[in-house]
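Novice: Pasting a predicted model and its sequence here:
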Amino acid sequence: MTDVIAIDGPSGSGKSSTSRGVASRLGYAYLDTGAMYRAMTWALLQRGVDVHDADAVAAAAHEVVLTSGTDPAGPTIAADGVDVSGPIRGDEVTSAVSPVATVPEVRELLVSLQREAIARATGGIVVEGRDIGTVVAPDAGLKIYLVADPVARAKRRAAELGVEDADAMREALARRDAIDSNRAASPLAQADDAVVVDGTDLTLDQVIDHIVALAQQ
Ligand code: C5P
C-alpha cells in the first residue's frame with residue numbers, strides 16, 4: 001500500500017475533489033498545497049503587499065503563520081490564526097496567487113511546511129498541487145498527473161463558481177497555467193514516473209476508483 005500519493009495537474013482539472021475522494025476512501029490525510037499558496041496570498045494582501053514586488057513578497061512571507069487541517073471531510077486553512085477557507089476562493093486571491101507562487105522564498109517556506117505535514121501523516125496522505133511529484137515528495141509511492149480538456153475544465157469550474165461566461169473562465173485558467181508552467185522555481189510539471197489520468201470523459205467516481213485501484217496495487 002502506498003503511503004504518499006501525489007496528485008498534480010493544471011488548474012481546474014478536478015484535483016481537489018479527486019484528492020479528497022481518494023483520501024476518504026483510503027482513510028488517508030489530505031493536504032491541499034494550493035490552499036497554502038492562496039492563504040499566503042490572502043495574508044500578503046491583508047498587509048497591503050504588492051504581489052508583483054517579489055522582494056516585498058519575500059520579506060513579508062516570513063511573518064505569515066499558516067496552519068493546515070488535513071481531514072479530507074473538512075480541510076481547513078488558517079493564516080495568522082484566522083480561518084481563511086472561504087476568502088481564499090475569492091477573485092482577489094485567485095488572480096494574485098500565481099505571481100506570489102513564483103517567488104522562490106515563498107516556495108521554500110511552503111515546501112518545508114508541506115514536508116513537515118507529510119512527515120506527521122503516519123497513516124498515509126494524499127497531497128495535491130503542482131510540484132508534489134517533482135519537488136515536494138519525489139519519493140511518493142504513487143504520482144498522478146491529472147489532466148482534462150481545457151473546455152471541460154472551464155465549464156466545470158464555471159459551474160462550481162456559478163459563473164456564466166465559460167470562455168472567460170477558460171482564459172483565466174490558461175493565464176494561471178501559463179504562469180505556473182513557465183516560472184523558474186518548481187513549475188507545474190509532470191514527474192517522469194507519474195501516471196497520467198485524463199478525466200475529461202470520466203465521472204469523478206471513475207477517476208477516484210482508478211486512482212484507488214492504482215494505490216492498492
Ligand atoms: O490548486 P489551486 O488552484 O488552489 O492553486 C492555486 C495556485 O497556487 C496555483 O495556480 C499555483 O500558482 C499555486 N500552487 C503552486 N504549487 C502548488 C500548489 C499551488 O504553485 N503545489
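Specialist: Received, thanks. Numbers count the residues shown, from 1 in each chain.
Novice: Remind me which helix or strand the nearest residue to residue 150 once chain neighbours are set aside belongs to.
Specialist: Excluding its sequence neighbours, the residue lying closest to residue 150 (CB to CB, 6 or more residues apart in numbering) is residue 170, at 5.7 Å. Just so you know, the C-beta spots here come from the backbone N, C-alpha and C atoms, and that holds for glycine as well. Residue 170 belongs to helix 166-182 when assigned by DSSP states H and E.
Novice: Contact residues of this structure facing the ligand?
Specialist: Within the chain, the positions near the ligand by CB under 6 Å from any ligand atom are 11, 33-34, 37-38, 97-98, 101, 129-131, 176, 180.
Novice: The residues you listed in helices, which ones?
Specialist: Using DSSP state H, 33-34, 37-38, 97-98, 101, 176, 180 are the members of those that sit in helices.
Novice: so which of these comes closest to residue 78?
Specialist: Of all these, residue 38 has the smallest distance to residue 78: 12.1 Å, by CB to CB.
Novice: Could you list which residues are in contact with that closest one?
Specialist: 77, 84, 88-89, 93-94, 97 (CB atoms under 8 Å, 6 or more residues apart in numbering).
Novice: What ranges does this protein have for its strands?
Specialist: With strands called from DSSP state E, the chain shows them at 4-8, 29-32, 66-68, 77-79, 82-83, 125-129, 142-147, 195-198.
Novice: can I get those strands in JSON lines with mean pLDDT and distance to residue 106?
Specialist: Output for the strands of the chain, formatted as JSON lines (pLDDT from 0 to 100; distance: least, CB to CB, whole Å):
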{"stretch": "strand 4-8", "mean pLDDT": "98", "distance to residue 106": "18"}
{"stretch": "strand 29-32", "mean pLDDT": "98", "distance to residue 106": "16"}
{"stretch": "strand 66-68", "mean pLDDT": "96", "distance to residue 106": "11"}
{"stretch": "strand 77-79", "mean pLDDT": "98", "distance to residue 106": "13"}
{"stretch": "strand 82-83", "mean pLDDT": "96", "distance to residue 106": "19"}
{"stretch": "strand 125-129", "mean pLDDT": "98", "distance to residue 106": "13"}
{"stretch": "strand 142-147", "mean pLDDT": "96", "distance to residue 106": "23"}
{"stretch": "strand 195-198", "mean pLDDT": "96", "distance to residue 106": "28"}
